[in-house]
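Enquirer: Only the shape, not the letters, is given here:
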């Protein structure tokens, strides 16, 4: 039963990712939640994240090194 419900999730995600390819999983879940309810797919946020992770559909962002410290002489 669950596997059949999840079959409809991947095409929904792919349709949105065509227009907005770097959309994060949290916002993607927010956009798809009404469609899940109409399709009677019981899928919570954590399970949705796990599903995307298992299908290698999570997006990754590169974050700058915020802890970088300049080590040099300080002039007063």
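Expert: Looks like it came in fine. Keep in mind it's a predicted model, so treat the numbers as computed, not measured.
Enquirer: For the biggest helix by length in the chain, give the mean pLDDT please.
Expert: The longest helix of the chain (DSSP state H) is helix 25-38. Mean pLDDT, computed over helix 25-38, is 94.
Enquirer: and for that helix, what are the contacting residues?
Expert: For helix 25-38, the external contacting residues (CB atoms under 8 Å, 6 or more residues apart in numbering) are 9, 12-13, 16-17, 23, 42-43, 45, 48-49, 52, 58-59. Every C-beta, even on glycine, is put in place using the N, C-alpha and C of the backbone.
Enquirer: what pLDDT does residue 70 get?
Expert: 62.
Enquirer: and what of residue 55?
Expert: 91.
Enquirer: Over to the one 4 residues further on?
Expert: Residue 59 carries a pLDDT score of 84 in this model.
Enquirer: Using neighbour counts, pick out the buried residues of the helix or strand that the longest helix of the chain is followed by.
Expert: Remark: after helix 25-38, the chain's next helix or strand is helix 45-54, criterion DSSP states H and E. For helix 45-54, the neighbour count (16 or more other CB atoms under 10 Å) marks 48, 51-52 as buried.
Enquirer: Mind picking the two most distant members of the contacts of helix 25-38?
Expert: With CB to CB as the measure, no two of these lie farther apart than 42 and 59, at 24.3 Å.
Enquirer: Helix or strand: which one has residue 60?
Expert: Residue 60 is part of no helix or strand, with elements assigned from DSSP H and E.
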